[in-house]
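Asks: below: sequence and its predicted model.
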Amino acid sequence: MAVDVPAFWASASPYLLTVLGVLAAVLLAAIYRTRQARETVGRVPAAVVVAAIGAVVCTAYSADTSWNFAGDHLGMTSTGERAMMFAAAELGLFAMAFMARQNLRTDGAPGTPGVLVWIVTGVQVIPAYSESGIVAGTVRAFVGPVMSALLWHLAMGIELRHRTGADSQSFPAMLAREARERLVSCLGLAQRGRDAEQITRDRWTRAATVRAARLADLKDAGAWPCRIRRARRRLAVAVDRTDAGVLPEQRTVLLERIGAYRHASQLASIALPSPWQAPPVPEAGEVEVERVSAPIPAPEMYPELPARAVQEPPKLTAPEDHRQDRAETDKHPGPPVPRAVPARVRLLPIVARPAGQPEPGTVAAEAARTRLEVHAEYVPDPIIPPVPEGQEGDGPDPIEGPVDDSPPPPAEDTLTPQAREDFAAILAAGNVPSIRGLKTRYGIGQARAARIKTELERAA
């Protein structure tokens, strides 16, 4: 007689079939919600979906163990009672897994639900061994609650690692990362991305640093020549393997390491300011006066430009009695007036301490508020009367400088002999002064400076 196994199992465990149907419906709803959010959040990795499906199946496997344990060991003979109570742990595990997943998205760590998942998993191992013994119970415990918890954890971890720049902030994850970094540091693998040749250079650079300091200590202590020769030979081998003779960057690292190693004892004798001493605060109202030298007048850059003719103001004449008093004062001068500050005297700071200083807020509130007004002063140009026709030569020459009374070429300019004397050093070196230098030196125009330069070149 053929027996329909699914129908028999459904008739024998109707409530278990109901629970599995509820779990499948929840899984389908989660998948549908994930597909709806895929357009905004991004595509969910396939590994996360497969891990979630496997976790649901393993949770159902653990639910079957709980169904049998509730009837055999907990005395739940009523089918309704077993249906309500047997899957309490599985539903709790399912809920805590989703809460841990939500905490992982918002806080970066599963939090308390993630810890409770493992506690519930440990408790669910007990029914597996009670129902099937040691061997079969191990299979039930591993495939059921243990694998379910692992798959939920891996599903959350895979989803977290697919987000750029996100790391789990849970306590076990932080311990694992810290232990990994410390192990890498102890193994000398802290600097990543080096090839074997560079690792060899770095190792022998550290060895050469120690051996160089050792050789210097032996020489200072007056050790035996054989020990000094041995230390020198070992240092030469280490330096040769560092490739410091052919690689400038390696040579720089070696010299800096040796210098820091040999002079490390000087750190104890460096004078450093105390970190507990507060910086000095200047007192209120203190003014420091510093003597400064007189400004150096700037030379006139363009002396050849014509000067603007300015009318001289009328001279003021003093009355006769004032002129007589001034003459008497000049004949009989009084005692000399001493200087306000004698020479070679250093001025001390002037400290002004007001009797009482009002509050800054009160002063600012009571002070009169005025607007800054800037008025431009207009100085009109002096009026130069026009020169009548036929009298162009009667007025003054607008160009300042020596009058050009030189004879016309081919005769030399009257300033050429003086230029030979003033620029004798430049002419002796085979050079000729520039037109700008001649114009600046003698205050002449462009044409005359060019003529003098040509005559100097001809003479040179």
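Replies: Received, thanks.

Asks: in the stretch 351-460 of the chain, where is pLDDT below threshold?
Replies: Within the stretch 351-460 of the chain, the ranges that satisfy pLDDT under 70 run 351-406, 460.

Asks: can you verify residue 456 is assigned to a helix?
Replies: Yes - remark: residue 456 belongs to a helix, assigned using DSSP: H, G, I helix; E, B strand; the rest coil.

Asks: now the closest residue in space to it that isn't next to it in sequence: how far from residue 445?
Replies: Of all residues not flanking residue 456 in the chain, residue 432 sits nearest, at 5.3 Å (CB to CB, 6 or more residues apart in numbering). To be clear about C-beta, it is placed using only N, CA and C from the backbone, and glycine gets the same treatment. Using CB to CB, to the nearest Å, we find residue 432 at a distance of 18 Å from residue 445.

Asks: with neighbour numbers in mind, choose between those two.
Replies: Set residue 432 next to residue 445 and count neighbours by other CB atoms under 10 Å: residue 432 wins out with 19 against 16.

Asks: who touches the more buried one in this structure?
Replies: By CB atoms under 8 Å, 6 or more residues apart in numbering, the contact set of residue 432 is 426, 453, 456, 457, 460.

Asks: neighbours of the fourth one, how many?
Replies: This means residue 457. By other CB under 10 Å, 10 other residues sit near residue 457.

Asks: list just the nearest of the contacts of residue 432 to residue 170.
Replies: residue 426 (84.1 Å; CB to CB).

Asks: where's that closest one, which helix or strand?
Replies: Taking DSSP states H and E as the definition, residue 426 sits inside helix 424-428.

Asks: residue 408 too?
Replies: Secondary structure assignment for residue 408, by DSSP H and E: no helix or strand.

Asks: any idea how far it is from residue 451?
Replies: 10 Å.

Asks: more neighbours, those two?
Replies: With neighbours defined as other CB under 10 Å, residue 408 and residue 451 compare such that residue 451 has more, 21 against 6.

Asks: what residues of stretch 81-90 count as buried?
Replies: Under the neighbour-count criterion of 16 or more other CB atoms under 10 Å, stretch 81-90 has 82, 83, 86, 87, 89, 90 buried.

Asks: if we can go back for a sec, Serialize the contacts of residue 432 to a markdown table and add fields for distance to residue 123.
Replies: Below are the contacts of residue 432 laid out as a markdown table (distance: CB to CB, whole Å):
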| residue | distance to residue 123 |
| --- | --- |
| 426 | 105 |
| 453 | 109 |
| 456 | 112 |
| 457 | 111 |
| 460 | 112 |
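
Asks: looks like residue 449 contacts residue 439 (just checking).
Replies: Yes - shown here, residue 449 and residue 439 form a contact pair, counting by CB atoms under 8 Å, at 4.7 Å.

Asks: now the helices: where do they sit in the stretch 101-250 of the chain?
Replies: In the stretch 101-250 of the chain, the helices defined using DSSP state H, counting those that start in this stretch lie at 112-141, 147-161, 171-186, 196-221, 225-242, 248-262.

Asks: which secondary structure elements does the fifth one sit against?
Replies: Helices and strands touching helix 225-242, as assessed by 3 or more CB pairs under 8 Å, 6 or more residues apart in numbering; DSSP states H and E, comprise helix 196-221, helix 248-262.

Asks: tabulate the CA atom coordinates of the shortest one in PDB.
Replies: C-alpha atoms of helix 248-262 as PDB (Å, rounded to 0.1, in the frame of the first residue of the first chain):
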ATOM      1  CA  PRO A 248      69.600  57.600  -2.300                       C
ATOM      2  CA  GLU A 249      66.400  57.200  -0.300                       C
ATOM      3  CA  GLN A 250      67.800  54.100   1.500                       C
ATOM      4  CA  ARG A 251      70.900  56.100   2.300                       C
ATOM      5  CA  THR A 252      68.900  58.900   3.800                       C
ATOM      6  CA  VAL A 253      66.900  56.500   6.000                       C
ATOM      7  CA  LEU A 254      70.100  54.800   7.200                       C
ATOM      8  CA  LEU A 255      71.800  58.100   8.100                       C
ATOM      9  CA  GLU A 256      68.800  59.500   9.900                       C
ATOM     10  CA  ARG A 257      68.400  56.200  11.900                       C
ATOM     11  CA  ILE A 258      72.000  56.200  12.900                       C
ATOM     12  CA  GLY A 259      72.000  59.900  13.900                       C
ATOM     13  CA  ALA A 260      68.800  59.400  16.100                       C
ATOM     14  CA  TYR A 261      70.200  56.200  17.600                       C
ATOM     15  CA  ARG A 262      73.600  57.600  18.600                       C
END
